[in-house]
Structures are given as C-alpha cells and as structure tokens.
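>>> The sequence and its predicted three-dimensional model are supplied below.
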Amino acid sequence: MYLCRLILPLSRMSDFQQKEDTSWLDNLRVVATISVIFLHVAAPFLYKFDKISGFNWWTANVYDSLVRFCVPIFVMITGALLLPKDYELSDYLKKRVTRIILPFIFWISIYLLHVLSTLKNGFKLPFLEMLNIGSTKIAYKTTYHFWYIYMIIGIYLFIPILSKWVKRATEKDIIYFLVLWVIAIIIANPLFLKHIPDFNLKYFSGFVGYVVLGYYLSIRNFEKVKHIRTISFFIFTTGVLLTIFGTYFLSISNGRFTIDLYTYFSPNVVIAAIGLFLFFKHTNLVNPQLKVIRKFTNKHSFGIYFVHILVLYYLSRFGVNGAVFGVVFGIPLTTILCLAISGLIIYLLKKLPFGDKLAG
C-alpha cells in the first residue's frame, strides 16, 4: 500500500528534481559492491538444503535474502546517473562503452589463464571452447559473475536512446512503462507463469526496467511524504521477509532449495530494491571514517566486482570461507577479507602503466 502511494500518484513538474549531491548514489554503490560479495559467500550453503544443519541453512537464507537487491541496485544507479544526461553518440561510445570493454577483455583473459592453469589435464582445451570459455562448464565456477558484464554492456549501448525518451516522457508515460514492466516480470516468474495467460510483454521485461526505475525514483521528490525513511525501510524489510520465508516454504514444499524468489525479477526483490534505494536517497553519511571507506570502495568498485570471485577461490583454497568460525560469523568475515584483498589488488593494478584503464 505504501509503495503504491509513493510511486503511482502523478505529481506536478515541481515534484521532479535531480539532486545535485549524488553522494547517496556512491553510498548505494558501496553497499551493492559489498553485498554482491556477501551473496557469493553465502550462496553455496543454500544449495546444501538437506545436507547441512537447519540453523546454518537458515543463516545463509537470511543473509542471502538481505542482499538480493545488489544487482538491481547497480542497474538503478546506472539509470539515475546516466539517463538525465545528453549524449553525442560517437563521444558516448568512446568514453562510456570503452570504459567497460577494456577491463572486460583484460579480466576475461585473466580468468581464462586461471582456468587453463587449474585444469587437471593441463592446457588440452579445444580452441573453440577457449573462445567460449565464459559460458563453458569448465569455467563456470570462476567466471559465472561475468553475466553481469554482458548485461551491462547491452544496457550501456541502449542508454543514449533511452535517455532521449525519458527526458521527453511525462510521468504518466514513465509509470505506464514501469507498470507494464512489473506485469511482464510477474508473468515471467515461474510461480505465476502457470496461472496467468501468456501475454507477450517481453519487450517490457529485463533489466532496462530497473534503469528506468532508478531514473524515476532519483528525480521524483518524496520530501513531502512524512516519515519517508521509515516507510522506505519498511518497504525494504517487507521485500526481504517475503524472500526469506517464501524461499523457506517453497524449499520445504519441493524438498530442495528453490530459487524462484531469489531471482532479480521476483516482485519481492523489486520491492526490497525500491525500499533501499529510497532509504539511501534520504539518508546522509556524516561519519568521516565511513566517508573514507566509501571513497576508496566507490572508486574501485568495478574492479572489485571483476576480481572478487578469483579472490574467493584462493581464499577457499587456503581454508577461508563462509564456514570459518561458523556461518554466522564466517560469511561476514570472509566478505570483509575478500573486499579488502580485492580492493588492494585493484588499487595496486591502477598504479601500473595503463592499469587504470584495465583494472576497472
């Protein structure tokens, strides 16, 4: 109900204003960066649904559900930052897209070399498989997070077109798009698919909806809404609780871990992402120590995303994973250690010649 009251009513043009201070988006990016590591540390325990204690599985379920917003928030930040700007196409492609492509080529080469070096049979890998290494089963455990890079490159290519539309669109137009996007992702969700007619709304589905949503929520003025922080926190908590308990009951019902409510297009995850986005929009960071951490993590977040899976791999080789000291403490401690090592690696890489262009 709060969500509908916050987003659906149409507003005057005076209720739309882009905040000059975008530090809250930096705060969100840092939280999303930490959360994606947290998610990858916790996830392995979830697939051991009937092989570990109920307490450990529940801990991982709570932890993972808390951070399912990470990728949607990354994409919403992209919409909030890039859609309000004007672009000259060739200049945009040179400056924006190459900033993703070069680190992508560099890191996929690193992961390729890593996979080849860890093969039991040495370098005996067919050439065509090497070209397709990012999606092969051989490389899955070390390159599965690259799906995000493929997706974000597609989003970046679409931004100049989308930007022109949103700036000419009325609030009614944007809400129309977002409503159809929500309907499209509900229809596509496995939980609802068999109960809903198969309307073809695929053009409205996908991560582009998060781009538009991030833009809309960033320029929409909610200052007149009383207790906006409390309401947004309530929205976030509602989404998280739906994920936690919904996943548990679905898993119990199916006798195995069921991921349906963990997907980034589950309504509960959309709700959590909206709540967190609005909460940070109306929250100021004043602690000077946290500002230092924010500045460092924000500056190196893209590179941290690239390298963190490799860091987790080698931490695990040395016996450091989410099970250290028990999952309650092991998952956060492993996350912090991985974040610190990943950040240090990217910091040092950027000190090398051309390192700032390749590290991410």
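Happy to help now that I have it.
>>> What about the residue lying closest to Tyr144 once chain neighbours are set aside, how many residues nearby?
Excluding its sequence neighbours, the residue lying closest to Tyr144 (CB to CB, 6 or more residues apart in numbering) is Ile309, at 7.5 Å. Just so you know, the C-beta spots here come from the backbone N, C-alpha and C atoms, and that holds for glycine as well. Neighbour count for Ile309, taken as other CB atoms under 10 Å: 22.
>>> Ile309 is in contact with His40, isn't it?
Yes. Look at Ile309 against His40 with CB atoms under 8 Å: they come within range, at 6.8 Å.
>>> Residues that sit against both of these two, list them.
By CB atoms under 8 Å, 6 or more residues apart in numbering, Ile309 and His40 have these common neighbours: His145.
>>> ok, back up a step: now the helix or strand hosting the residue nearest to Tyr144: how far from the chain's centre is it?
Assigned by DSSP states H and E, Ile309 falls within helix 288-317. Its chain's C-alpha centre and that of helix 288-317 lie 14 Å apart, by CA atoms, centre = their mean, to the nearest Å.
>>> buried set for the helix or strand just after it?
Downstream of helix 288-317, the next assigned helix or strand under DSSP H and E is helix 327-349. Buried residues in helix 327-349, defined by neighbour count with 16 or more other CB atoms under 10 Å: 327, 330-335, 337-339, 341-343, 345-347, 349.
>>> Need the contact partners of stretch 246-264.
Applying CB under 8 Å, 6+ apart, the contact partners of stretch 246-264 are 46-47, 49-50, 58, 61, 64-65, 68, 71-72, 189-191, 207, 242-243, 266, 268-269.
>>> list the buried ones in that stretch?
Gly246, Thr247, Tyr248, Leu250, Ser251, Phe257, Thr258, Leu261, Tyr262, Tyr264.
>>> Among these, which are located in helices?
Using DSSP state H, the members of the buried residues of stretch 246-264 that fall within helices are Gly246, Thr247, Tyr248, Leu250, Ser251.
>>> what's the pLDDT at the residue nearest to Tyr144?
For Ile309, the model assigns a pLDDT of 91.
>>> what about it, distance to Val75?
For Ile309, the distance to Val75 (CB to CB, to the nearest Å) stands at 19 Å.
>>> same deal with Leu358?
24 Å.
>>> Between those two, point out the one with more neighbours.
Taking neighbours as other CB under 10 Å, Leu358 and Val75 compare with Val75 leading, 25 against 20.
>>> That one and Gly206 touch, don't they?
No. Between Val75 and Gly206 there is no contact under CB under 8 Å: 9.9 Å.
>>> Okay, and the closest residue to Leu81 other than its chain neighbours sits in which element?
Setting aside the residues directly before and after it, Leu81 is nearest to Leu25 in space (CB to CB, 6+ apart), at 6.4 Å. Per DSSP H and E, Leu25 falls inside helix 23-46.
>>> How far away from the center of its chain is that helix?
Distance, centroid of helix 23-46 to centroid of chain: 8 Å (CA atoms, centre = their mean).
>>> Flag every buried residue along it.
By neighbour count on 16+ other CB under 10 Å, the buried set for helix 23-46 is 24-43, 45-46.
>>> check contacts around Thr59.
Counting by CB under 8 Å, 6+ apart, Thr59 has contacts Phe45, Val327, Val328, Ile331.
>>> let's see 6 Å
Applying CB atoms under 6 Å, 6 or more residues apart in numbering to Thr59 gives the contacts Val327, Val328.
>>> Now name the helix or strand holding it.
Assigned by DSSP H and E, Thr59 falls in helix 54-66.
>>> Report the buried residues of that helix.
Asn56, Trp57, Thr59, Ala60, Asn61, Val62, Tyr63, Asp64, Ser65, Leu66.
>>> With stretch 145-154 instead?
The neighbour-count check on stretch 145-154 (16+ other CB under 10 Å) flags His145, Phe146, Tyr148, Ile149, Ile152 as buried.
>>> Repeat that for stretch 265-283.
So stretch 265-283, judged by 16+ other CB under 10 Å, has buried residues 265-281.
>>> List the ones among those that fall in helices.
267-281.
>>> closest to Val166 among those residues?
Of all these, Val166 sits closest to Phe277, with 16.6 Å by CB to CB.
>>> contacting residues for that closest one?
Here Phe277 is in contact with Met76, Leu217 (CB under 6 Å, 6+ apart).
>>> any idea how far it is from Tyr216?
10 Å.
>>> again, but for Val115
Distance from Val115 to Tyr216, by CB to CB: 41 Å.
>>> Then Tyr210?
Counting by CB to CB, the gap from Tyr210 to Tyr216 is 11 Å.
>>> And for Leu178?
Counting by CB to CB - Leu178 and Tyr216 are separated by 7 Å.
>>> So which of the two has more stuff around it?
Tyr216 (22 against 18).
>>> Which strand or helix spans that one?
Using DSSP H and E, Tyr216 falls in helix 208-219.
>>> Give me the buried positions along that helix.
Using 16+ other CB under 10 Å as the test for burial, helix 208-219 gives Val208, Gly209, Tyr210, Val211, Val212, Leu213, Gly214, Tyr215, Tyr216, Leu217, Ser218, Ile219.
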